[in-house]
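> Give me coordinates for this.
(one chain, ligands or ions: 1)
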Amino acid sequence: MSAVTQGKVTGPTAGQTATPRPLVWLLVLLVLPLGMTALAWGRFGTNLAMWWPAAGVGVIAAALAPRRSRPLVALGVALCGFLANWTFGRDPGVAALLGLATGADALVTAALLSRHRDLRPVLTGLDDLVRFVLAALAGATAAGLFVAVGLAMDGAEPLITWRTVFASHLAAILAITPLGLGSSEVRQRAGRTELAVQWLSLALVVGVVFAPDQGLPLVYLVFVPLLWGAMRLSVRAVAWQVFLTALVITTATTSGWGPFANLGDASPQVVAALSQAAIASCALVALPLAVLKSQRAVALQQASSSSDLLDNILAAATSTVVIGTDLVGNIEFFNIGAEEISGWTAAEVVGHACLAIVTTEGEDGQEEHLVTVDLDQPGAGSLEALIEPFLVDTEDDTFRDDWTLLRRDGERRTLAVTISRRYDHGRGVGYVGIAEDVTEKRREEESAAAALDAERQLVDRLAQVDRTKNDFMSTVSHELRTPITSILGYSQLLLSDETGALPVMHRQIVGRIERNGRRLLGLIEDMLTMSQVEVGDFRYVFQRVDLRSVVQSAVETETSVFGSLGVQLTQDVVGQPVWVEADPDKLERALAALLDNAAKYSQPGDVVHLAVSRDDDAARVAVVDHGLGISSEDQEHLFDRFFRGSDAHARAIQGAGLGLSVTSMIVDGHGGSISCVSSLGEGSTFTVALPFAAEGVGAADAAADA
Ligand code: ADP
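Okay, the predicted model is just below:
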């Protein structure tokens, strides 16, 4: 019928598995021969069948059918019931009534039996059984009422009719329907021999009790082998035994055998009712016991597989310590992780109160909790007192900390420990400790923290050095600026003398003093700017200016440089004002640095071209030279502080590598950008792009100015 699998719900109705339609309709068709047989042989001096197995099979068919096709199945059952009664020779009206009663019974019982919409009914627990019995009672009651009311019109005594129909239907459903319900089949406990002996004894007892001329009321004897079966066999086997017993009871009684047939002057209806009551009693005694036994076996099986799972997990956790104790401290479990980390084996420690926790002061002056395993310690009874203080005031009764474990070989390991209480029915029964060896992890964390600390100190020291350097640069620059300005002033005064009082050679010397003085002043200005930037002291004073005038000032500043180097400067400046928001002095310095470089890195006789232009989004100043040019490697570092190109070094062109970094910083400060296009040996073009001043922007402004 169905595969017997350990702890699984099996059977044709198990779970959600759809029952094949042909099976359902086969069961419906079975109602016809069953009905005819019951009518032919199963009557006992009454007009109605004593046992109505068609009802039991009809319920199975309806219960197995999908919910929506149940009415159709019930109709099929009713039709077969009708045909059975009609072929038996009943009046078509009565036959239809009896057929409809069987259909109604199937529909009502199956509907009440199904726990959920489409879940097929099962017999796996006591609640399923109660539901089944109530459904059977309701179905049988409905069928009884149906027939009693129908036949009352023909003058039949309604109560007697109801009792006979009710008993025949109820006994049939109780004895037959369980064969079609799913049940949780655990392997039956009885072996083959026991099984054979039990079946034999049931056959023997039933045979004796329902033997011909057996007048002694020995029905209760049947319960003995049935109860034995219920204790030791599967629910399905018990269901079969109940069914077969019911078959024997009905057949024997109909044949005039057994205790019910020999009740002296009892009416046939009473005999029928008594025999059906016996069947119902057999079912109601054997089935609940069998279901309970199987439910318990399933629960036990689940518990044992959970416990196996737990054992497997504990055994697999080789790097995690799991130790369980009772309140006294006796170790109850000690997993493989605990064995590996502590050096003790479970066999040595389980059953002993050998854990000691000592609080000492560690090397760093902090409290240290040292855990040892000591089989000789007189520590029994002390664990609760040791652990409870840690658990007080903890969330969820769980304590977490790093503790030190003294291994069996004397090595100390750091464990991240989690300790919690174990409860049984709400009562604390012991503790469970879970721990992980974090010795290496903590060591790494400590060295990482130490390295971080050292790095922080280094950064602080460097910042201090940087501050000192900035202060020094700023002081030195300030101190140098005054005398150099004065040297420059005097040399320019001497050079401006037009009287010719200064001899030519002296004039040349003074010119050199003036040039070098200016270079020195430029360098000092750059250094001062750098230190101001670093301490956040470099401030702009913006105003709306015509870029052309700023460019012109830069040109004037650089005129003498161009003159002394023999480099020519040509200009192409846009005709209209180019309004920008700028700090004129600083912007002039930036542009002068570009002109200075263009002259410095050109050959005497070269031409440098300066262009001031405007397009839709920015004002542009381009300085184009045809000098040394810059290699692509050098171009990557052009704006780095103190960067000097390889050619500048090789040709000993004077400079400190600060000009472009100051220029790009000033251009940045104006919200602009600087770019360089250059090729080695052909010259360079530096372009500064600046945003227009907020008013009078771009083309519109240009038109207005024009
Ligand atoms: P400095 O000119 O004092 O060396 P800068 O910051 O002004 O410092 O320039 C950095 C480097 O960029 C220079 O050393 C030089 O190699 C290169 N450089 C700058 N401008 C030009 C230019 N117009 N032509 C060729 N090389 C240049």
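
> tell me which parts of this protein are close to the ligand?
Applying Cβ under 6 Å from any ligand atom, we find that the chain lies next to the ligand at 597-598, 601, 625, 627-628, 630, 634, 638, 643-645, 647-648, 655-661, 684. C-betas here are computed from N, CA, C, even on glycine.

> Okay, and which of the residues you listed map to helices?
Using DSSP state H, Asn597, Ala598, Asp634, Asp647, Ala648, Gly659, Leu660, Ser661 are the members of those that sit in helices.

> And the furthest pair within those residues?
Asp647 and Ser661 (18.1 Å; Cβ to Cβ).

> Have a look at those two and say which one is more surrounded.
Between Asp647 and Ser661, counted using other Cβ atoms under 10 Å, the more crowded position is Ser661 (20 against 17).

> re the thing from before, now render the ones in helices among the residues of the chain next to the ligand as CSV, adding pLDDT.
Output for these, formatted as CSV (pLDDT from 0 to 100):
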residue, pLDDT
Asn597, 95
Ala598, 96
Asp634, 94
Asp647, 86
Ala648, 88
Gly659, 93
Leu660, 95
Ser661, 94
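
> Drop anything exposed from these.
Asn597, Ala598, Asp634, Asp647, Ala648, Gly659, Leu660, Ser661 (16 or more other Cβ atoms under 10 Å).

> Who are the packing partners of the helix ranked longest in the chain?
In the chain, with assignment by DSSP H, the single longest helix is helix 439-495. The contact analysis (3 or more Cβ pairs under 8 Å, 6 or more residues apart in numbering; DSSP states H and E) places helix 439-495 against strand 412-424, helix 504-534.

> model confidence over that helix, on average?
Predicted confidence along helix 439-495 averages 91 (mean pLDDT).

> for stretch 615-631, same thing?
Per-residue pLDDT over stretch 615-631 has a mean of 94.

> so how far does it reach from one end to the other?
Stretch 615-631 has an end-to-end distance of 29 Å (Cα to Cα, to the nearest Å).

> buried residues in it?
For stretch 615-631, by 16+ other Cβ under 10 Å, it's 618-630.

> same question, stretch 85-98
Buried residues in stretch 85-98, defined by neighbour count with 16+ other Cβ under 10 Å: Asn85, Trp86, Phe88, Arg90, Val94, Ala95, Ala96, Leu97, Leu98.

> again with stretch 318-332
Thr320, Val321, Val322, Ile323, Gly324, Thr325, Asp326, Leu327, Gly329, Asn330, Ile331.

> ends of that stretch, how far apart?
End-to-end for stretch 318-332, by Cα to Cα: 18 Å.

> quick one on the thing from earlier: and the furthest pair within the buried residues of stretch 318-332?
Taking Cβ to Cβ, no two of the buried residues of stretch 318-332 sit farther apart than Thr320 and Leu327, at 23.4 Å.

> which residue packs closest to Leu383, ignoring adjacent ones?
Gly329 (3.0 Å; Cβ to Cβ, 6 or more residues apart in numbering).

> element containing the one you found, please.
If you go by DSSP states H and E, Gly329 is not part of any helix or strand.

> wait, isn't it in contact with Ile357?
No: using Cβ atoms under 8 Å, Gly329 is not in contact with Ile357; the gap is 9.9 Å.

> residues bridging contact with those two, i.e. touching both?
Contact criterion Cβ atoms under 8 Å, 6 or more residues apart in numbering; residues shared by Gly329 and Ile357: Leu386.

> Buried residues in stretch 382-399, which are they?
By 16+ other Cβ under 10 Å, the buried positions in stretch 382-399 come out as Ser382, Leu383, Glu384, Leu386, Ile387, Phe390, Phe399.

> Now name the helix or strand holding the last one.
Assignment of secondary structure by DSSP H and E places Phe399 within strand 398-406.

> what do you get for the third one?
When elements are assigned from DSSP H and E, Glu384 belongs to helix 383-391.

> Quickly note the distance from Ala416 to the ligand.
57 Å (Cβ to the nearest ligand atom, to the nearest Å).

> quick one: that residue and Thr320, what's the gap?
10 Å (Cβ to Cβ, to the nearest Å).

> now Gly566
Counting by Cβ to Cβ, the separation of Gly566 from Thr320 is 85 Å.

> Next up, the contacts around the residue in the stretch 201-350 of the chain that the ligand sits nearest to.
Going by Cβ to the nearest ligand atom, the ligand is nearest to Ser319 of the stretch 201-350 of the chain, at 60.0 Å. By Cβ under 8 Å, 6+ apart, the contact set of Ser319 is Gly337, Glu340, Glu436, Asp437.

> Hmm, Arg400 is touching Gly433, no?
No: using Cβ under 8 Å as the test, Arg400 is too far from Gly433 to be in contact (10.8 Å).

> Tell me which of those two has more neighbours.
Between Arg400 and Gly433, Gly433 has the larger neighbour count (other Cβ under 10 Å), namely 20 against 13.

> Convert the one helix or strand the more buried one maps to to CSV, retaining C-alpha atoms only.
In the assignment (DSSP H and E), Gly433 maps to strand 427-437. This file holds the C-alpha atoms of strand 427-437, laid out as CSV (Å, rounded to 0.1, in the frame of the first residue of the first chain):
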residue,chain,number,x,y,z
ARG,A,427,15.0,26.2,36.6
GLY,A,428,18.8,26.9,36.4
VAL,A,429,20.5,23.5,36.3
GLY,A,430,24.0,24.4,35.4
TYR,A,431,26.2,26.5,33.1
VAL,A,432,27.5,26.2,29.5
GLY,A,433,30.7,27.9,28.5
ILE,A,434,31.7,28.5,24.9
ALA,A,435,35.1,29.8,24.2
GLU,A,436,37.5,30.5,21.3
ASP,A,437,41.2,30.6,21.4
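
> And Glu368, what's its pLDDT?
85.

> Shouldn't it be within a helix?
No: counting by DSSP: H, G, I helix; E, B strand; the rest coil, Glu368 is not part of a helix but strand.

> For it, give me its contacts.
By Cβ under 8 Å, 6+ apart, the neighbours of Glu368 are Thr359, Thr360, Glu361, Gly362, Thr404.

> who touches the helix or strand encompassing Trp86?
Using DSSP H and E, Trp86 maps to helix 70-87. With contact meaning Cβ under 8 Å, 6+ apart, helix 70-87 is reached by 24-25, 28-29, 31-36, 38-39, 54, 58, 61-62, 65, 92, 94-96, 98-104, 106-107, 110-111.

> in the stretch 1-150 of the chain, which spans are helices?
With helices called from DSSP state H, counting those that start in this stretch, the stretch 1-150 of the chain shows them at 21-41, 53-64, 70-87, 92-113, 126-152.
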